[in-house]
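[1] Predicted model follows, preceded by the sequence.
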Amino acid sequence: MNNKADLHLHTSASDGKLTPKELVDEAIKANLNIMAVTDHDTIAGVEEAFAYGDSLGIEVIPGIELSTYHNNESIHILGYIRDQGYKNTNFKNILQELIEYRIKRGQMIVENLNKYFNIKLSYEKILEEAKGVIARPHIAKAIVKAGYEYSWDYIFENIIGEKSPAYFPKKNLTIEEGIKLLRSVNAVVILAHPVLIKKTPVEELLKFPFDGLEAIYYRNSKEDTERYLELATKHKKLITAGSDFHGLSENDRSHGSVGCVSLSGADLDRFMEAYSS
């Protein structure tokens, strides 16, 4: 039997719609043999998916999609964690510190909106809708939803932008820090969805010590995929594939369905050999 893998999937532990068990069920329906749970900046859904997948005969790789910052742009890194490294206490503590800081930041921005702009929002309601971690888009959405007549661009440029008195600084990992953190838990480290990176050439980013590139991705054109496969081969990097599944919604065109793109054959064999080593 030929193995087939989707290595970029989200659960309700971050911003996905399905629980870890529901995600495993979807992967089985999609005829996957291997899947990776890669929630944003958390490994909270990994253990449940891992145990449930094991009981059903599908291999679940514990993973994470870590947010880093480079050249005034968010760069996401996929980590596939070997040897139950996701249980590492220091790793868990660092992730928790990042989450707590983001929650504090969201609260400070909401308080500042009231203080400087007389914009009154319910922080608790925003936090609930954002599923625990508030980012500026959640706040902008709440401003519009509350009936304040500002455009989305105006909100970002003048109300919650870096030059606004309501702004509260981010605490970002650099690419180097992100890779170092993932290496500390013995992870295979992959540059995520290069098609979404706009400000830095992907070839320049591959100078960082990534193990591989998510060359096959739901939002790629055929030409994109060919280009990234060539780049990965040129730089002797592993190739991965991911749908970036978040939920079952016809309106979500930013993310694919489970298994809509997948890794198989020699590329999957090379990845699994690296992951198992």
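    Ah, there it is. Numbering: from 1, shown residues only.

[2] Settle this for me: residue 64 is touching residue 36, isn't it.
    No: with contact defined as C-beta atoms under 8 Å, residue 64 does not reach residue 36; the gap is 9.4 Å. For every residue, glycine as well, the C-beta is placed using N, CA and C.

[3] joint contacts of these two?
    Contact criterion C-beta atoms under 8 Å, 6 or more residues apart in numbering; residues bridging residue 64 and residue 36 by contacting each: residue 78.

[4] Please report how far residue 83 lies from residue 275.
    In this view, residue 83 and residue 275 are 10 Å apart by C-beta to C-beta, to the nearest Å.

[5] Give the residue from these two that has the larger number of neighbours.
    Neighbour totals were compared for residue 83 and residue 275, and residue 275 leads with 19 against 11 (other C-beta atoms under 10 Å).

[6] so where do the strands sit in this protein?
    Using DSSP state E, the strands of the chain run over residues 4-9, 34-37, 59-70, 73-81, 173-174, 187-191, 212-217, 238-242, 263-264.

[7] CSV for these, including mean pLDDT and mean neighbour count?
    Formatted as CSV, the strands of the chain follow (pLDDT from 0 to 100; neighbours: other C-beta atoms under 10 Å):
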stretch, mean pLDDT, mean neighbour count
strand 4-9, 98, 27
strand 34-37, 98, 28
strand 59-70, 96, 22
strand 73-81, 96, 22
strand 173-174, 94, 16
strand 187-191, 98, 26
strand 212-217, 98, 26
strand 238-242, 98, 25
strand 263-264, 98, 20
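
[8] Now distance to residue 28 too, for the ones you listed, in CSV please.
    Converted to CSV, these look like this (distance: least, C-beta to C-beta, whole Å):
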stretch, distance to residue 28
strand 4-9, 12
strand 34-37, 9
strand 59-70, 11
strand 73-81, 20
strand 173-174, 34
strand 187-191, 24
strand 212-217, 21
strand 238-242, 18
strand 263-264, 16
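
[9] so which of the ones you listed gets nearest residue 198?
    Distance to residue 198, taken as C-beta to C-beta, is lowest for strand 73-81 among those, at 6.6 Å.
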